[in-house]
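*Asks:* quick one: sequence plus predicted model below, questions after.
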Amino acid sequence: MKGNAKLTRSNIGIQTSNGSGVGEEVSIAMNDNAEISNMTRFAVYIRENSIFTMNDNTVIQNNGEGGVIATGVFNMNGGKIINNTANSSNSGGGVTVRGTFNMNGGEISSNSTSGNGGGVYMQGTFVMNGGEISNNTATNGGGINTFGSSFTMNGGVITNNTATNNGGGVNIEGGTFIIDSEQVRTGISNNSAQNGSQVYKGNPYSTFTVGGEPADSF
């Protein structure tokens, strides 16, 4: 999407295939004030073998079944995913990851779901190098909910998210959560939940480490 392009008030914003998603390789980038908003369903669906890159000064907002669903690769270098909603236990308000999500910058904020993962719901691989996940709400995992997935946090901020039950910042429902260092861990703050305000490790078979050392809910 080139500068100042806007997609509004439709069913689906961008889908990186003709619907079959078989054998197709598509690469799409959002740049320079591009916006996708007010879709009745999701804004972007990234299918397998496809790459979607979101850069500075771009917005995905006010969409009805979450902002981005990533079965392929989603690279977020900047921009905002804000004010999206989802009404499913396995769909994130902002982003649903079933492929690979690399967050290097930008903001995922003020999204909500009636299920798990207000900001991000994970069933794939998520590497957070920078950016902010804030002010999202969910039943579990106000900021992020992991389910049989791999989440590595090398930087960035997870703050002011709210979960009704477990994991205000991050709910580890399954899989692996690796925080690079104690300094990076301090970027998870001011979240709230009934259990594990910042991080909740609810699955005893999941892995949670900080700086290479085993960690638990806090």
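*Replies:* Happy to help now that I have it. Residues are numbered from 1 along each chain as shown.

*Asks:* quick one: residues contacting the residue positioned nearest the centre of the chain.
*Replies:* Compute the mean C-alpha point of the chain, and by Cα atoms, centre = their mean the closest residue is Val120, 2.8 Å away. Applying Cβ atoms under 8 Å, 6 or more residues apart in numbering to Val120 gives the contacts Gly92, Gly94, Val95, Thr96, Val97, Phe101, Ile108, Phe126, Ile133, Gly143, Ile144, Asn145. Any C-beta I mention is one placed from the backbone N, CA and C, and that applies to glycine too.

*Asks:* any idea how far the strand or helix carrying the fourth one is from the chain center?
*Replies:* In this structure, Thr96 is located in strand 95-97 according to DSSP states H and E. Between the mean C-alpha location of strand 95-97 and the chain-wide mean there is a distance of 5 Å, by Cα atoms, centre = their mean, to the nearest Å.

*Asks:* what does the next helix or strand after that strand rub up against?
*Replies:* Helices and strands here follow DSSP H and E; after strand 95-97, the next one along the chain is strand 100-103. Here strand 100-103 makes contact (Cβ under 8 Å, 6+ apart) with 70, 72-76, 95, 120, 122, 124-131, 156.

*Asks:* repeat for stretch 177-188
*Replies:* Contacts for stretch 177-188 (Cβ under 8 Å, 6+ apart): 146, 150-159, 169-170, 198-199, 201, 206-211, 215.

*Asks:* from those residues, list the buried ones, please.
*Replies:* 146, 150-151, 153, 155-159, 169-170, 198-199, 201, 206, 208, 210, 215 (16 or more other Cβ atoms under 10 Å).

*Asks:* phi and psi next, for Glu182.
*Replies:* phi -60, psi -30 (degrees, to the nearest 10).
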